[in-house]
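Asker: Need the 3D shape of this:
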Amino acid sequence: MQMKAPQQRKPSQTAAKPAPAARLHPRNRHQGRYDMARLLAANPALKGYLVRTPAGTDSIDFSNPAGVRELNRALLASDYGIQQWDIPDGYLCPPVPGRVDYLHGLADLLAADNGGTIPRGPGVRALDIGVGANCIYPLLGQAEYGWRFLGSDIDTGVLQAADANVQANHLGERIALRLQPARGNLFAGLLQADERFELTLCNPPFHASAKEAAQGSQRKLRNLGGTQARASKAPALNFGGQANELWCTGGEASFLRRMIRESVDIQQQVLWFSSLVAKSEHLADIRKQLGKAGAAEVREVAMAQGNKQSRFVAWSFHSATARKDWLQQAQA
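Answerer: Numbering: from 1, shown residues only. Here you go, the predicted structure:
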């Protein structure tokens, strides 16, 4: 049964200060330069993708998806104990440092409601909307904090690939996967009535069309100075990604409006909703929509990796006292 939307009230908002360039979260394991010797020990296949920088150090050609995949395998094995990881050709290959930063920010969110202590272990359950074939957030979240995850997707093939990563690392008790049967829905029709989640997270499709996504990929390549970008005049999705991962009708803004609307109906089952927001110009509309939805608390948390500035938005329909009580019960 769907709940009626609460009466509109002005949410409490906290906007984090912009993060300095190249500043990862203090708990992020990937500060500074990669230790290539350690990564090569974890994944010898990485050696075939090393390039020499003008400064005389070894690095990766980040315009080469195969190289990025091997780097991810090395990072996951050396830093998170994930010994087996793969994605099908053409699917999104996520940057591990940026993805884990989002999880650290969410952990801080929970800590603020828990007397400053990050709640760890399987008492915390997180819902990853659009888990993707890479299953990256559940894999990292269980490794860093011991949380349990439910990952959802609208594509059975994606879920099969994600499950292969889960089973290869014997994580079936920590990570569950579920098909969203209605392609136009995010939360609606997904959860069981008795399920509760401390967090939801999402890396939404940022683009409004395939053309826009291809142009965005080509810009990334030019910024990296990749050989593929210099050799090709036509836009190409060199960083990988399927349609559902990269674009949707209306793009990021439309996706987030839908997420906010649907969050109202399951507000009693979730402590904190959240999503990455790629474009800062969407923040004003997000604040407006959350005000209409009746969110009690809204947080905007800035993140940065190298020259890339990003952020996530989180919202809750529960008061500070109710959030504290919720977490105490979850950890009991």
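
Asker: Which helix or strand contains Gln167?
Answerer: If you go by DSSP states H and E, Gln167 is part of helix 156-168.

Asker: quick one: average confidence on that helix?
Answerer: Per-residue pLDDT over helix 156-168 has a mean of 97.

Asker: From the chain's centre, how far out is stretch 132-143? Work that out for me.
Answerer: Averaging C-alpha positions (Cα atoms, centre = their mean, to the nearest Å) puts stretch 132-143 9 Å from its chain's average.

Asker: ignore the last one, stretch 136-148
Answerer: Its chain's C-alpha centre and that of stretch 136-148 lie 11 Å apart, by Cα atoms, centre = their mean.

Asker: go on, stretch 94-110?
Answerer: The answer for stretch 94-110 is 7 Å, by Cα atoms, centre = their mean.

Asker: Kindly report the same for stretch 300-310.
Answerer: Computed by Cα atoms, centre = their mean, the separation of stretch 300-310 from the middle of its chain amounts to 13 Å.

Asker: quick one: buried residues of that stretch?
Answerer: For stretch 300-310, burial by neighbour count (16 or more other Cβ atoms under 10 Å) applies to Glu300, Val301, Ala302, Met303, Ala304, Gln305, Ser310. Any C-beta I mention is one placed from the backbone N, CA and C, and that applies to glycine too.

Asker: now the residues you listed as a markdown table including pLDDT?
Answerer: Formatted as a markdown table, the buried residues of stretch 300-310 follow (pLDDT from 0 to 100):
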| residue | pLDDT |
| --- | --- |
| Glu300 | 97 |
| Val301 | 97 |
| Ala302 | 94 |
| Met303 | 93 |
| Ala304 | 86 |
| Gln305 | 78 |
| Ser310 | 91 |
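
Asker: Farthest pair within the residues you listed?
Answerer: The most widely separated members of these, counting by Cβ to Cβ, are Glu300 and Gln305 (17.4 Å).

Asker: on that earlier part again, need the residues that contact the helix holding Gln167.
Answerer: Residues from elsewhere that reach helix 156-168 (Cβ atoms under 8 Å, 6 or more residues apart in numbering): 82-88, 91, 131-135, 138-139, 151, 153, 172, 175, 177-179, 242, 244.

Asker: distance between the ends of stretch 259-270?
Answerer: Terminal residues of stretch 259-270 lie 13 Å apart, using Cα to Cα, to the nearest Å.

Asker: Need the contact partners of that stretch.
Answerer: Under Cβ under 8 Å, 6+ apart, the answer for stretch 259-270 is 2-3, 5-6, 127, 129, 185-188, 191, 195-200, 202, 204, 273, 275, 286, 289-290, 293-294, 315, 317-318.

Asker: all strands of the stretch 51-200 of the chain, in order?
Answerer: Under the criterion DSSP state E, counting those that start in this stretch, the stretch 51-200 of the chain contains strands at 58-60, 125-129, 148-153, 175-179, 197-202.

Asker: Okay, now the sheet partners of the third one, with direction.
Answerer: By that I understand strand 148-153. Partner strands and pairing direction for strand 148-153 (DSSP bridges) are strand 125-129 (parallel), strand 175-179 (parallel).

Asker: picking up where we left off before, going by neighbour count, which of the contacts of helix 156-168 are buried?
Answerer: By neighbour count, with 16+ other Cβ under 10 Å, the contacts of helix 156-168 hold 82, 85, 87, 91, 131-135, 138-139, 151, 153, 175, 177, 242, 244 as buried.

Asker: for the most far-flung residue of the chain relative to its centre, phi and psi?
Answerer: Distance from the centre of the chain peaks at Gly56, with 33.3 Å (Cα atoms, centre = their mean). When quoted as degrees, to the nearest 10, the phi and psi of Gly56 stand at phi 90, psi 20.

Asker: Distance check, it against Ala37.
Answerer: Noted for Gly56: a distance of 15 Å to Ala37, by Cβ to Cβ, to the nearest Å.

Asker: Helices along the stretch 151-300 of the chain, start to end?
Answerer: Assigned by DSSP state H, counting those that start in this stretch, the stretch 151-300 of the chain shows helices spanning 156-168, 210-224, 227-231, 243-246, 251-265, 283-293.

Asker: Could you count how many residues lie near the closest residue in space to Asn64 that isn't next to it in sequence?
Answerer: Distances taken as Cβ to Cβ, 6 or more residues apart in numbering place Tyr49 nearest to Asn64, at 6.3 Å, with adjacent residues excluded. By the criterion of other Cβ atoms under 10 Å, Tyr49 has 17 neighbours.

Asker: Contacts only, for Tyr49.
Answerer: Taking Cβ under 8 Å, 6+ apart as the contact definition, Tyr49 lies against Ile60, Asp61, Asn64, Ala66, Gly67, Glu70, Leu71.

Asker: Low-confidence stretches in this structure?
Answerer: 1-22, 206-250 (pLDDT under 70).

Asker: residues in contact with the most centrally placed residue in it?
Answerer: Nearest residue to the geometric centre of the chain (Cα atoms, centre = their mean): Asn203, 4.5 Å. For Asn203, the contacting residues are Pro94, Arg99, Tyr102, Gly130, Gly132, Tyr137, Ser275, Leu276, by Cβ under 8 Å, 6+ apart.
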